[in-house]
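Trainee: sharing a model that was predicted from the sequence below.
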Amino acid sequence: MAAPGEPREITVTEWAMEMRDPGALRPGPLPSGEVSFSLACVPSPDFNRAMYAAVGARVCWTDRFSWTHADWAKWVDRPELATWLALAEGTVAGYFELEAQPDGDTEVHLVGLVPAFVGRGFGGYLVEQCVRRAWQRGRLWGDGLGPTRRVWLRTSTLDHPTAKANYLRRGFSVAREETGVKAVPDPRVAPWPLPDDPRGIRPGFAE
């Protein structure tokens, strides 16, 4: 057994899922409260990094653990990427990242809820609204990047237990399935260094 903080070897099944027609999208159940969606117009590596931790830590999102602040900045600060926030009850309830790719592909890189909103009926609606915006590439977001011809995503047995079923209910189909062993870091010890050391003595501040 791996010691606390060390990676653990886990057998993981991964699925690539796709939707080739916007008419295939099936609505999710309406949540109990009002939800609004906002496109992040100012790229913020700090925000995307924080949301990755808040949404993904409990379901083993770990692939970006090794990213530096510069890596995050490079990822978010480009026209191909759109980050959307889901807001409910005056709170950021979740988010999703969409990437415009060549040949009309739009990938849903990440989509999920913060823990306070999990299990409250928001998940299906969040995925529906995410996919609707993926199909609106070139109009609602991604000016000049052309229309979406296929929406796709990847999920796995490390994701939320209902994730795959949720995608299937929204109209996705499985395009590819692979099973293998993956070394998964401990999500409790995400090594995300700040861009600078905040401990330095600054003018106007006593040590």
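Mentor: Structure's in. What do you need?
Trainee: now do the helices in the chain.
Mentor: Counting by DSSP state H, the chain has helices at residues 45-56, 69-76, 123-135, 163-170.
Trainee: from those helices, which stretch is densest packed?
Mentor: Across the helices of the chain, averaging neighbours per residue (mean count of other CB atoms under 10 Å) puts helix 123-135 on top, at a mean of 22. Every residue, glycine included, has its C-beta placed from N, CA and C.
Trainee: so it versus helix 163-170, what angle?
Mentor: Here the directions of helix 123-135 and helix 163-170 differ by 60 degrees (axes from the mean of the first three to the mean of the last three CA atoms, to 10 degrees).
Trainee: who does helix 123-135 touch, helix- and strand-wise?
Mentor: Identification of packing neighbours for helix 123-135 by 3 or more CB pairs under 8 Å, 6 or more residues apart in numbering; DSSP states H and E yields strand 35-39, strand 81-88, strand 91-100, strand 105-113, strand 150-156, helix 163-170.
Trainee: got the CA coordinates for the longest one in CSV?
Mentor: So the one you mean is strand 91-100. Only the C-alpha atoms of strand 91-100 are listed here, as CSV (Å, rounded to 0.1, in the frame of the first residue of the first chain):
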residue,chain,number,x,y,z
THR,A,91,-21.7,31.4,-5.2
VAL,A,92,-19.5,29.9,-7.8
ALA,A,93,-21.2,26.5,-8.1
GLY,A,94,-19.0,25.0,-10.9
TYR,A,95,-17.2,25.6,-14.1
PHE,A,96,-16.2,24.2,-17.4
GLU,A,97,-13.3,24.6,-19.9
LEU,A,98,-13.9,24.4,-23.7
GLU,A,99,-11.2,24.3,-26.3
ALA,A,100,-11.6,25.0,-30.0
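Trainee: that strand vs helix 69-76, what angle?
Mentor: Going by the same axes, to 10 degrees, strand 91-100 makes 70 degrees with helix 69-76.
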